[in-house]
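Participant: Need coordinates for the below:
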Amino acid sequence: MFKILSIISSVNHLRYTEISMTKKTRTILFLICLFLFLLAAPLIIFYSQGYRFDTESKKITQTGGLFLKVIPKSVEIYLDYTPPAIPKIKKKTDFFFGTALIENLLPKKYEIKVVKEGYYPWEKNLEIKEKEVAEAKNVVLIPENPNFIILTNEVEDFFFSPDGKKIVLKATTSPQSGDEKGWALKLYDLERKVKSHLINKDDISPEEVELFDLKFSPDSKKISLEVAMKEQLKYFTLEIDKSPPLLTKEEKKSLPFFENTPVYQIVGENVYYLDNSGYLFKTDLTFEPKEKITEIAFPVKKETDYELNIGRRGDGIPEYIFLRESQILHRFNPEIKSFEKFFEPIKNLKISPDYNKIVYFSNYEIWILFLKEITGQPKKQSGEQLFLIRLSEKINDVFWFNSNYLVFNTEDKIKIAEIDDRDRINIVDLSLPDTSQGKTKKIFWNQFDKRLYVLSEGNLYQSKKLLP
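Facilitator: This next block holds a predicted model:
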């Protein structure tokens with residue numbers, strides 16, 4: 001009996017000791033965990049707020065980010081990547097929106113490369129700053145192979161309708177029994193992919209006829225022809241929506257009100273004109289009343305070509321007014337109500353699809369004028385001018401590819417360039433049709449079907465669709 005009691009006492013003592021040890025261990029473990037928590041909590045908070053230790057500067061700094069939006073979608077993005085090394089950071093834009101956000105980047109300049117098989121890469125060095133996200137929302141990758149096809153041949157010139165759905169072709173015709181080679185006008189319907197005959201040169205006159213100019217009406221249903229016959233200029237209207245097309249001879253009449261004015265332009269229901277005294281006026285098609293726009297007379301010269309170029313907002317108020325005097329471009333300054341010399345020598349200017357920018361160019365330089373403030377990156381002020389590029393080859397024509405890219409051609413090259421001037425400007429040479437022999441007479445970028453048209457060696461080429 002005593003032995004049994006002794007055993008029970010020993011067991012109870014062991015249990016008490018075990019309980020005591022367990023409480024002590026738990027207390028120690030709790031204190032250790034509390035210490036680790038108090039130590040780690042600030043680090044976790046700092047980490048969640050974007051703080052990192054920069055091994056290069058040997059200090060703690062806040063991180064930034066990079067946001068890209070790219071056409072086409074599902075492209076790969078590399079940062080500070082030099083093949084064949086393994087890229088430090090790699091990401092892919094999403095399938096639905098073509099965007100990607102790369103976070104927790106240490107502040108510094110990063111070499112960014114955007115790639116997709118079958119496209120030219122886009123590369124730029126952008127600076128990432130603390131607590132800021134650098135943006136490149138207008139990246140477009142250009143196809144390496146535009147896949148040009150011959151749309152039609154024996155073409156001397158071509159003219160697009162304002163709606164981008166029709167092309168009038170000036171085509172060569174075979175000579176008849178010793179006559180000189182003639183020409184004809186044909187219509188190509190891009191929607192139906194049908195080419196039809198409009199008129200022959202002989203429909204105008206059996207004598208020698210030279211086509212000087214061809215212009216579409218705003219509704220794309222008529223074209224006006226300016227031709228030279230017996231050293232005289234004659235004018236015709238061709239209604240291309242009629243079957244057969246209706247050719248009508250016109251007496252060249254400038255509006256009677258403007259017979260003695262150097263230049264005028266009809267903008268909607270308003271008419272702007274520069275009179276011989278050098279003042280710019282605005283009126284309507286009834287010619288009453290008239291509003292004087294300039295307060296200081298512009299020195300009008302005889303036997304000089306003038307051209308007005310006026311853009312307007314939705315409310316009809318002019319966004320800009322330019323006056324071209326031969327190769328000198330003047331811009332209207334609303335503060336002093338006068339024209340000021342803006343650029344020389346001017347070849348042409350064109351407004352962007354978003355109506356926020358103008359490209360103007362000479363034979364060798366391309367410039368951008370920002371009509372409105374750009375709040376996104378890169379930021380631009382209203383009225384700011386950007387010198388984009390200077391070439392050693394003569395520039396033939398420039399088009400807006402979209403509101404952030406340009407397409408232009410020289411004698412033997414077609415180029416597409418961005419207007420983002422942060423770091424270097426991405427610019428690529430398009431592969432020309434194999435049979436073009438490297439010579440492009442004329443190009444046209446069609447905003448309607450997003451295709452490039454190239455006239456070379458009598459062939460009119462059409463590219464594949466280059467933008468969504």
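
Participant: in which helix or strand would I find the residue lying closest to Lys350 once chain neighbours are set aside?
Facilitator: The shortest distance from Lys350 to any non-neighbouring residue, by C-beta to C-beta, 6 or more residues apart in numbering, is to Val359 (5.5 Å). All C-beta spots, glycine's among them, are computed from the backbone N, C-alpha and C. According to DSSP states H and E, Val359 maps onto strand 357-361.

Participant: re the thing from before, just checking, the residue nearest to Lys350 touches Trp367?
Facilitator: Yes. Using C-beta atoms under 8 Å, Val359 is in contact with Trp367, at 7.2 Å.

Participant: of those two, who's got more company?
Facilitator: Each of Val359 and Trp367 has its neighbours counted (other C-beta atoms under 10 Å); Val359 has more, 21 against 18.

Participant: Next secondary structure after the least confident helix or strand in the chain by mean pLDDT?
Facilitator: Ranked by mean pLDDT, DSSP states H and E, the weakest helix or strand in the chain is strand 51-54, scoring a mean of 54. Using DSSP H and E, the helix or strand that follows strand 51-54 in sequence is strand 59-62.

Participant: what's the span of stretch 147-156, first residue to last?
Facilitator: End-to-end distance of stretch 147-156 (C-alpha to C-alpha, to the nearest Å): 22 Å.

Participant: list the buried ones in that stretch?
Facilitator: For stretch 147-156, a neighbour-count test (16 or more other C-beta atoms under 10 Å) marks 148, 151-152, 155 as buried.

Participant: Pick the one among the residues you listed closest to Lys24.
Facilitator: Nearest to Lys24 among these is Phe148, at 84.7 Å by C-beta to C-beta.

Participant: got a pLDDT number for the closest one?
Facilitator: The model reports Phe148 with a pLDDT of 94.

Participant: swap in His13?
Facilitator: For His13, the model assigns a pLDDT of 49.

Participant: Below-threshold pLDDT in the stretch 151-300 of the chain: ranges please.
Facilitator: Residue ranges of the stretch 151-300 of the chain with pLDDT under 70: 175-180, 252-259.

Participant: Strands along that one, start to end?
Facilitator: Assigned by DSSP state E, counting those that start in this stretch, the strands in the stretch 151-300 of the chain fall at 155-160, 166-173, 182-189, 194-200, 210-216, 222-229, 232-239, 246-250, 263-267, 270-274, 280-284, 291-292.

Participant: in the sheet, who's paired with Ala171?
Facilitator: Ala171 forms beta bridges with Val155, Ala184, as assigned by DSSP bridges.

Participant: Pretty sure it sits against Asp157.
Facilitator: No. Taking C-beta under 8 Å as the definition, Ala171 is not a contact partner of Asp157, at 9.1 Å.

Participant: of these two, who's got more company?
Facilitator: More crowded of Ala171 and Asp157, by other C-beta under 10 Å: Ala171, with 23 against 16.

Participant: which residues of the stretch 351-468 of the chain score low on pLDDT?
Facilitator: The model of the stretch 351-468 of the chain has pLDDT under 70 over residues 434-438.

Participant: switch the cut-off to 80
Facilitator: Residue ranges of the stretch 351-468 of the chain with pLDDT under 80: 433-439.

Participant: and if you look at the stretch 1-150 of the chain?
Facilitator: For the stretch 1-150 of the chain, residues meeting the criterion pLDDT under 80 lie at 1-60, 81-89.

Participant: Go again with 90.
Facilitator: Residues of the stretch 1-150 of the chain meeting the criterion pLDDT under 90: 1-62, 80-90, 104, 131.

Participant: got the residue ranges for the strands in it?
Facilitator: In the stretch 1-150 of the chain, strands defined by DSSP E, counting those that start in this stretch lie at 51-54, 59-62, 64-71, 76-79, 89-92, 99-105, 108-115, 122-128, 133-140, 149-152, listed in chain order.

Participant: Between the ones you listed, which one is closest to Glu295.
Facilitator: Among these, strand 133-140 comes nearest to Glu295, with 39.8 Å by C-beta to C-beta.

Participant: Against which helices or strands is the closest one packed?
Facilitator: Here strand 133-140 touches strand 64-71, strand 122-128, strand 414-418, going by 3 or more C-beta pairs under 8 Å, 6 or more residues apart in numbering; DSSP states H and E.

Participant: again, 6 Å this time
Facilitator: Judged by 3 or more C-beta pairs under 6 Å, 6 or more residues apart in numbering; DSSP states H and E, strand 133-140 is in contact with strand 64-71, strand 122-128.

Participant: Flag every buried residue along it.
Facilitator: Those would be 134-136, 138-140, for strand 133-140 by 16+ other C-beta under 10 Å.

Participant: Likewise for stretch 378-397?
Facilitator: In stretch 378-397, counting by 16+ other C-beta under 10 Å, buried: 380, 386, 388-389, 395-397.

Participant: Pull out the buried residues from stretch 59-67.
Facilitator: 61-66.

Participant: so what's the closest residue to Glu156 other than its chain neighbours up against?
Facilitator: Of all residues not flanking Glu156 in the chain, Lys170 sits nearest, at 4.6 Å (C-beta to C-beta, 6+ apart). Neighbour list for Lys170: 156-157, 183 [criterion: C-beta atoms under 6 Å, 6 or more residues apart in numbering].

Participant: repeat that for 7 Å
Facilitator: When contacts are counted by C-beta atoms under 7 Å, 6 or more residues apart in numbering, Lys170 touches 156-157, 183, 185, 211.

Participant: Of all the strands of the stretch 1-150 of the chain, which one is nearest Pro318?
Facilitator: Going by C-beta to C-beta, the one of those nearest Pro318 is strand 133-140, 27.3 Å.

Participant: what pairs with the closest one, and is each one parallel or antiparallel?
Facilitator: strand 64-71 (parallel).

Participant: Which residues does the partner strand contact?
Facilitator: So strand 64-71 is contacted by 77, 93, 98-103, 105, 107, 114, 128-137, 139-141, 467-468 (C-beta under 7 Å, 6+ apart).

Participant: what does stretch 212-227 give?
Facilitator: Stretch 212-227 is contacted from outside by 159, 161-163, 165-166, 168, 204, 209-211, 228, 233-241, using C-beta under 7 Å, 6+ apart.

Participant: ok, of these, which come out buried?
Facilitator: With burial judged by 16+ other C-beta under 10 Å, the buried subset of those is 159, 161, 165-166, 168, 204, 209, 211, 234-236, 238, 240.

Participant: Ile240 contacts Tyr188, doesn't it?
Facilitator: No. Ile240 is beyond contact range of Tyr188, at 11.2 Å (criterion: C-beta atoms under 7 Å).

Participant: And for the closest residue to Thr294 other than its chain neighbours, the neighbour number?
Facilitator: In this structure, Thr294 finds its nearest non-sequential neighbour in Leu280, 4.5 Å apart by C-beta to C-beta, 6+ apart. Counted with other C-beta under 10 Å, residues neighbouring Leu280 total 25.
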